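Peer 1: Sequence plus predicted model, see below.
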Amino acid sequence: GAVVSQHPSRVICKSGTSVKIECRSLDFQATTMFWYRQFPKQSLMLMATSNEGSKATYEQGVEKDKFLINHASLTLSTLTVTSAHPEDSSFYICSAGILEYNEQFFGPGTRLTVL
Amino acid sequence: QQQVKQSPQSLIVQKGGISIINCAYENTAFDYFPWYQQFPGKGPALLIAIRPDVSEKKEGRFTISFNKSAKQFSLHIMDSQPGDSATYFCAASINGATNKLIFGTGTLLAVQP
């Protein structure tokens, strides 16, 4: 099956710093990548949808200047949490898909802890 | 209209029993209904998915039943095993536009040995 990787798997940072998370589709070219955040014992909350070469579309209530998304190629998307604060601590998960098909393939997630 | 309602919130089943998780939706434009399994600290993994042109799909011990008129679909796990203990999410999406998945709230399944 299609494989999606995320790096890093876990990151701890100080309040006020920025953190970049990478999402890669390893064996297919993804026209669309999605970024989710998940709090403990809760469902996945879609943050934004990104298509290669174009600006990301953010969900209502998600600050686009805080969560910067870049989708530079068909196999790589990055999420940068700028000026992170403790309330940004969460599990961030990306997924990748091809527009013509519904299936999304999820990465293993990145645990962000902001001290 | 974009919500997918999932129940129960948690479920305890004995080994060998049948686990049943239900979901309901309102938006009749949804045309893809996947189920995901998530273990603690991991990303969700696609288990099985169905489209509205069929009423049932079976893959191994996992079966989706789909009732288009009632706008409901369910996951049945036959011969449940302790290794099936995880959180299960149903979801729905509309093909072609953005393929955004709308997730249910999740069901924490515990299979007791």
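Peer 2: Yes, it's here. Residues are numbered from 1 along each chain as shown, chains lettered A, B, ... in the order given.

Peer 1: mean confidence for stretch B:93-111?
Peer 2: Across stretch B:93-111, pLDDT averages out at 88.

Peer 1: May I see the buried residues of it?
Peer 2: When neighbours are counted by 16 or more other C-beta atoms under 10 Å in any protein chain shown, the buried residues of stretch B:93-111 are found to be B:93-94, B:98-107, B:109, B:111. Any C-beta I mention is one placed from the backbone N, CA and C, and that applies to glycine too.

Peer 1: Tell me which stretches of chain A form strands.
Peer 2: Listed in chain order, the strands of chain A (DSSP state E) span A:4-7, A:10-13, A:19-25, A:32-38, A:45-51, A:57-58, A:67-73, A:76-81, A:90-97, A:104-106, A:110-114.

Peer 1: buried sites along the fifth one?
Peer 2: Put plainly, it is strand A:45-51. Under the neighbour-count criterion of 16+ other C-beta under 10 Å, strand A:45-51 has A:45-51 buried.

Peer 1: Among those, which one lies nearest to chain B?
Peer 2: Compare each of the buried residues of strand A:45-51 with chain B using C-beta to the nearest C-beta and the shortest gap goes to A:Thr49, at 5.5 Å.

Peer 1: residues contacting that closest one?
Peer 2: If a contact means C-beta atoms under 8 Å, 6 or more residues apart in numbering or on different chains, then A:Thr49 has A:32-34, A:56-57, B:98, B:100 as its contacts.

Peer 1: how about 7 Å then?
Peer 2: With contacts defined as C-beta atoms under 7 Å, 6 or more residues apart in numbering or on different chains, A:Thr49 is in contact with A:32, A:34, A:56-57, B:98, B:100.

Peer 1: try A:Ser25
Peer 2: Counting by C-beta under 7 Å, 6+ apart, A:Ser25 touches A:2, A:4, A:75, A:96.

Peer 1: what's across from the second one in the sheet?
Peer 2: This points to A:Val4. Taking DSSP bridges as the rule, A:Val4 bridges to A:Ser25.
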